[in-house]
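Visitor: Quick one: sequence plus predicted model below, questions after.
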Amino acid sequence: MATGAPDLLRPDGTPVRVLVVDDEVNIAELISMALRYEGWEVATAHRGSAAVARAKDLRPDAVVLDLMLPDFDGLEVMRRLRDDDPTVPVLFLTAKDAVEDRVAGLTAGGDDYVTKPFSLEEVVARLRALMRRAGARQATDTSVLTVGDLTLDEDSHEVTRGGDEITLTATEFELLRFLMRNPRRVLSKAQILDRVWHYDFGGQANVVELYVSYLRKKVDAGRAPMIHTLRGAGYVLKPAV
């Protein structure tokens, strides 16, 4: 099945990440294929312990979680996931249709449920609703990013600060876009390398430092600074005080 262009994105502009947990491999794969067709990033697990471990790597935006698993049940998986991310939305899958089972999942903190057998369309629709409530944005939303008096148009590549046009190279533009998609968030050099230059961190910190200095000269020159260095942690962009 081909992967579609995502129409829902995370706040930083990257694809939504979903963890699918079901001990029935065929079901997990069918759901995964449907979600990948939406353009989302998907990982699967077939046991509770594997789900907890996978979530630590993926940092999912939502979890599709079977209530009945071979090692420990879905409620325990959710409790362990919520220890790391208290707000991650959970959509329960259950072969049981008794009211008490549905209530148990929702009372324990689940956000929604579907009962087997279900349609893939229903699972996708429920997840889309959960993602919107959690802050996912439409890919067709406005292409203009704004932080303080700094604006960046992702379509036209026009950048202004306080109404003054700023001319950037392609790499400077990508770096600024990444910073502006994550305002007030400290971004490490490794994260910036991976997102802007698309390779893993490995002794290339000087590249990031160099381009941050270029960007500062254009964005912050003669103005209150917006790009800040947190020594040992990374960089953060926030409105000027």
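Guide: Received, thanks. Residues are numbered from 1 along each chain as shown.

Visitor: Contacts for stretch 212-232, please.
Guide: With contact meaning Cβ atoms under 8 Å, 6 or more residues apart in numbering, stretch 212-232 is reached by 147-148, 150, 161-162, 166-169, 172, 175-176, 179, 186, 235-241. For glycine as for every other residue, the C-beta is placed from the backbone atoms N, C-alpha and C.

Visitor: Tell me which helix or strand comes right after the lowest-mean-pLDDT helix or strand in the chain.
Guide: Lowest mean confidence among the helices and strands of the chain (mean pLDDT, DSSP states H and E): strand 137-138, at a mean of 60. As assigned by DSSP states H and E, the chain's next helix or strand after strand 137-138 is strand 144-147.

Visitor: any idea which helix or strand comes after that following strand?
Guide: Assigned by DSSP H and E, the successor of strand 144-147 is strand 150-153.

Visitor: which parts of that next one are buried?
Guide: Buried residues in strand 150-153, counted by 16 or more other Cβ atoms under 10 Å: L150, T151, L152.

Visitor: Ok, stretch 212-231 next?
Guide: V212, L215, R216, V219, D220, M226, I227.

Visitor: what's the answer for stretch 19-36, then?
Guide: L19, V20, V21, D22, I27, A28, L30, I31, S32, A34, L35, R36.

Visitor: Next: stretch 72-83.
Guide: Neighbour counts over stretch 72-83 (16+ other Cβ under 10 Å) mark D73, G74, L75, V77, M78, L81 as buried.

Visitor: in what helix or strand does the third one lie?
Guide: Take DSSP H and E as the rule and L75 turns out to sit in helix 74-84.

Visitor: related to what we said a few turns ago, could I get the buried residues of stretch 19-36 as a markdown table with distance to P117, pLDDT and secondary structure?
Guide: A markdown table is the format used below for the buried residues of stretch 19-36 (distance: Cβ to Cβ, whole Å; pLDDT from 0 to 100; DSSP: H, G, I helix; E, B strand; the rest coil):
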| residue | distance to P117 | pLDDT | secondary structure |
| --- | --- | --- | --- |
| L19 | 22 | 97 | strand |
| V20 | 16 | 98 | strand |
| V21 | 18 | 98 | strand |
| D22 | 13 | 96 | coil |
| I27 | 10 | 95 | helix |
| A28 | 15 | 96 | helix |
| L30 | 11 | 95 | helix |
| I31 | 13 | 96 | helix |
| S32 | 17 | 95 | helix |
| A34 | 14 | 92 | helix |
| L35 | 18 | 93 | helix |
| R36 | 21 | 91 | helix |
